[in-house]
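J.: What would the 3D arrangement of this be:
(chains A and B)
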Amino acid sequence: MEITCPVSFTDFDRVLLGHGSGGKLSRRLIDTIFYPAFKNEWLEQNHDGCVFPMNAGKLACSTDSFVVDPIFFPGGNIGDLAVNGTVNDLACCGADPMFLTVGFILEEGLPLSDLQKIVYAMKIAAEKADVRIIAGDTKVVAHGQCDKLFINTSGIGAVPPDVCISPSKAEPGDVVICSGNIGVHGITILSTRESLGFETTLESDTASLNKMTSKLVKTITDVHVLRDPTRGGVGTTLNEIAEASKVKIELDEARLPVPDAVRAASEILGLDPLYIANEGILLVILPEKHAGEAVALLQQFSEGRQTCVIGRVLEPGGASVSMKTIYGNHRIVTMLTGEQLPRIC
Amino acid sequence: MELKYTEDFRNNDRVRTLVNAIHKETVHAWKIMEICGGQTHAIARFGIEEMLPSEIKLLHGPGCPVCVTPIRIIDHVLEIAKRPEVIFTSFGDMMRVPGSESDLLKTKAAGADIRILYSPSDAIAIASENPEKEIVFFAVGFETTAPVYLATLKEAKRRNLKNFSLLTSLFTVPPAIDMILRQPDHQVSGFLTAGHVCAVTGCGAYRTLAAEYNRPMVVTGFEPTDLLYGIYKCVCQLERGIAQVENAYKRVVSDTGNPEAIQLMEEMTVPVDMEWRGIGVIPASGLSLNKRHEEFDAGKKFPSKHIPKTASATDVCIAGDIMKGNKQPSDCVYFGTTCNPEHPSGAPMVSSEGVCSAYFKKMIIA
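T.: Here you go, the predicted structure:
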């Protein structure tokens, strides 16, 4: 992505400890980088916090921190990842995300041009998701005390009155729908790590999913579960749902949308695509009678074009996930143990 | 990236054809042991056992290096990794293997500089970038991976890197088969030998074993059709009373193996008596760096202060009996209760190639 925002840094080009001091340099950072990108009436209250109006009803709230390494990767950077991550967590509560706050922890020496690119990506991601960034904070730590920058985003969104989404609501007779290719973000990040010595043409799938979820929950009233399978991947996320709902879930290996590049990289590295992180797909669990309608609806969105049914919810009890293999026998899909890959988001 | 290669060897029609051929061929009951942990993992992953006739039982052999690395080596590794001058490097699968008191992951969390690498050659790069540090790579494996470590060591030597060394835990397969077949009450009718080990060593050593113990040894690969073809060939021999070495993995394995890799092992290592975790010491079943390469042997460079040289006391794990083909994971009172992938008491529950980890997944599904 080419950056066009015309801000010049005449007297400094890297983050200094003083940028986090609360003094003049902090002010300049805010005025030259953050405000121009995030500008809105709430942010411009220019206060210790932000006061905003809210209609009564149900609200959803979520927070997430981002430490991805590297901070720039094919298909995105830590900035849009941070906005999309919290937007998607809210979306999976059935909410329409409204406001985000952003906390930056910057490492002394970070090029300001990098920060500017990241903030610009956040601005674009926020616009796409139709959310406002209404409060923020910046701290600077000495060189070596964090790695380039870490970002926290927190957000709130409004949940429509009739919508009730929960990981504990999966029921026998439901189907499991997946809105896109599995494992793309994780393998993209892996391919950028120098030591692995392989290249792919993959790009991270990072995207906001709230437009899809919003239309889905407003069109089909009994959507039971929405989840974005980020760290731990589809396998771990479905295990959490099986546990919360006390049901058995069965995946169909032949239907899993695993792109060739992900499959090949997984074979080489000994990874299972079911446990690789995603940043732009959605798992939907709803009664089978709505499956066709939901798939067609999600396929209308560019990020949902590959949507398909990947499994079903079996009888209650057992709280486990299994997979019908391409040979017709079954294998267990356990929860991911330990860390498959550090600093993936 | 071209994918067809693996897809072809997972093709459902071919799998069915082979399964039918095995069913047709099988008359008597046979117990066939696959040696390699990679094969055990693939058998569990693709559900191979469920496809076989009830007369055929698969036994899971000792070919998972993560599982058989003795506790005293893990303890020694932890001692070295804690040294302030050391950057300790390892493949990821050793990180959670329990020593007597801790593991690499916990030691790393407590502040030791331990790095997970995907290739030992990355350790060379770390060594040349950090001349003031000692870089140790945990070289765990069979004849398959030993030449990779040795080639890395040769490169370090060529670059005159004095701060690089290997902590070896290297095993060889034929002495383990010999040990299993020496047991008077062993139950193994025939073996699927590890294809990738044979790709390095060739098939020679297995001829002696097949003849001496009158057991078929079929060189077998790792994809579903490879495994089924190996089982088919083994059953064919068993039903006809033949006991030969047969190569069912010809696209990878040649009769003579890989001469360069063999030469590296001959040039740089010496056979030693080796302790296998859970099994005990097997004569001449390990490889150690020879005298000319002693300066690169981390075990000698950083001698252990506390750990006895003799075999460690037996732990609660019965993995040894399982890997000898005498017991099943379900015979273990700890299996699936206090010992599970999240809290492994024994190494075979840690590694994805460990027999207990593979069986644990199957147990849930049954």
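J.: so which residue of chain A comes closest to chain B?
T.: Closest residue of chain A to chain B, CB to the nearest CB: A:N329 (3.5 Å). Where you see a C-beta, it was placed from the backbone N, CA and C, and this is true even at glycine.
J.: Now that residue: closest residue in space that isn't a chain neighbour?
T.: Leaving aside its chain neighbours, A:N329 sits nearest to B:G47 (3.5 Å; criterion: CB to CB, 6 or more residues apart in numbering or on different chains).
J.: same question, A:I344
T.: A:A277 (4.6 Å).
J.: wait, the one you found sits on A:I187?
T.: No: between A:A277 and A:I187 there is no contact under CB atoms under 8 Å: 9.1 Å.
J.: ok, back up a step: what about the residue nearest to A:I344, neighbour count?
T.: The tally of other residues near A:A277 (other CB atoms under 10 Å in any protein chain shown) stands at 26.
J.: residues touching it, list them.
T.: A:183, A:185-186, A:189, A:229-233, A:341, A:344-345 (CB atoms under 8 Å, 6 or more residues apart in numbering or on different chains).
J.: ok, now B:F46?
T.: A:325, A:327, A:331, B:10, B:224, B:227.
J.: Kindly supply the PyMOL command isolating those of these that are buried.
T.: Listed next is the PyMOL selection for buried residues among the contacts of B:F46, using 16 or more other CB atoms under 10 Å in any protein chain shown:
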select buried, (chain A and resi 325+327+331) or (chain B and resi 10+224+227)
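J.: In JSON lines, list the contacts of B:F46 along with distance to B:H76, pLDDT and secondary structure.
T.: Compiled in JSON lines, these are given as follows (distance: CB to CB, whole Å; pLDDT from 0 to 100; DSSP: H, G, I helix; E, B strand; the rest coil):
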{"residue": "A:T325", "distance to B:H76": "41", "pLDDT": "89", "secondary structure": "coil"}
{"residue": "A:Y327", "distance to B:H76": "43", "pLDDT": "90", "secondary structure": "coil"}
{"residue": "A:R331", "distance to B:H76": "37", "pLDDT": "84", "secondary structure": "strand"}
{"residue": "B:R10", "distance to B:H76": "41", "pLDDT": "90", "secondary structure": "coil"}
{"residue": "B:P224", "distance to B:H76": "39", "pLDDT": "95", "secondary structure": "helix"}
{"residue": "B:L227", "distance to B:H76": "36", "pLDDT": "97", "secondary structure": "helix"}
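J.: ok, now how distant is A:L297 from B:H76?
T.: Taking CB to CB, to the nearest Å as the measure, A:L297 and B:H76 are separated by 60 Å.
J.: On the three-state scheme, B:S165 is what?
T.: Per DSSP: H, G, I helix; E, B strand; the rest coil, the secondary structure class of B:S165 is strand.
J.: Report the beta-bridge partner residues of it.
T.: For B:S165, the beta-bridge partners are B:V136 (DSSP bridges).
J.: circling back: neighbour count: A:L297 and B:H76, which is higher?
T.: Between A:L297 and B:H76, counted using other CB under 10 Å, the more crowded position is B:H76 (22 against 18).
J.: tally of neighbours for the closest residue to the more buried one other than its chain neighbours?
T.: The shortest distance from B:H76 to any non-neighbouring residue, by CB to CB, 6+ apart, is to B:S304 (4.7 Å). Neighbour count of B:S304, defined by other CB under 10 Å: 15.
J.: Need phi/psi at B:S304.
T.: According to degrees, to the nearest 10, the main-chain angles of B:S304 amount to phi -70, psi 140.
J.: Also B:S288?
T.: Per degrees, to the nearest 10, the backbone of B:S288 is at phi -120, psi 150.
J.: Give the bridge partners for the closest residue to it other than its chain neighbours, please.
T.: Using CB to CB, 6+ apart and skipping the chain neighbours, the partner closest in space to B:S288 is B:V272 (4.5 Å). Beta-bridge partners of B:V272, counted by DSSP bridges, are B:G286.
J.: So B:V272 sits against B:P283, correct?
T.: No: taking contacts as CB under 8 Å, B:V272 lies outside contact range of B:P283: 9.3 Å.
J.: and A:P70, helix, strand or coil?
T.: Look at A:P70: counting by three-state DSSP, its state is coil.
J.: Just give me the neighbour total for A:R193.
T.: A:R193: 15 neighbours (other CB under 10 Å).
J.: before we move on, the earlier item: neighbour-wise, which of B:V272 and B:P283 wins?
T.: Applying other CB under 10 Å to B:V272 and B:P283 shows that B:V272 carries more neighbours, namely 16 against 12.
J.: Got the confidence number for the more buried one?
T.: Note on B:V272: pLDDT of 96.
J.: Run through the stretch 151-300 of chain A and note the low-pLDDT ranges.
T.: Scanning the stretch 151-300 of chain A for pLDDT under 70 picks out the ranges A:194-197.
J.: Which stretches in it count as strands?
T.: A:174-178, A:225-227, A:247-252, A:283-287 (DSSP state E, counting those that start in this stretch).
J.: Would you format those as CSV with distance to chain B and mean neighbour count included?
T.: Formatted as CSV, those follow (distance: least, CB to the nearest CB, whole Å; neighbours: other CB atoms under 10 Å in any protein chain shown):
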stretch, distance to chain B, mean neighbour count
strand A:174-178, 18, 24
strand A:225-227, 22, 23
strand A:247-252, 10, 21
strand A:283-287, 21, 24
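J.: closest one to A:A135 among those?
T.: With CB to CB as the measure, strand A:225-227 is the member of these nearest A:A135 (26.4 Å).
J.: from chain B, which residue is nearest to chain A?
T.: Taking CB to the nearest CB, chain B has B:G47 as its residue nearest chain A, at 3.5 Å.
J.: Do I have it right that that residue meets A:Y327?
T.: Yes: contact criterion CB under 8 Å: B:G47 and A:Y327 qualify, at 6.3 Å.
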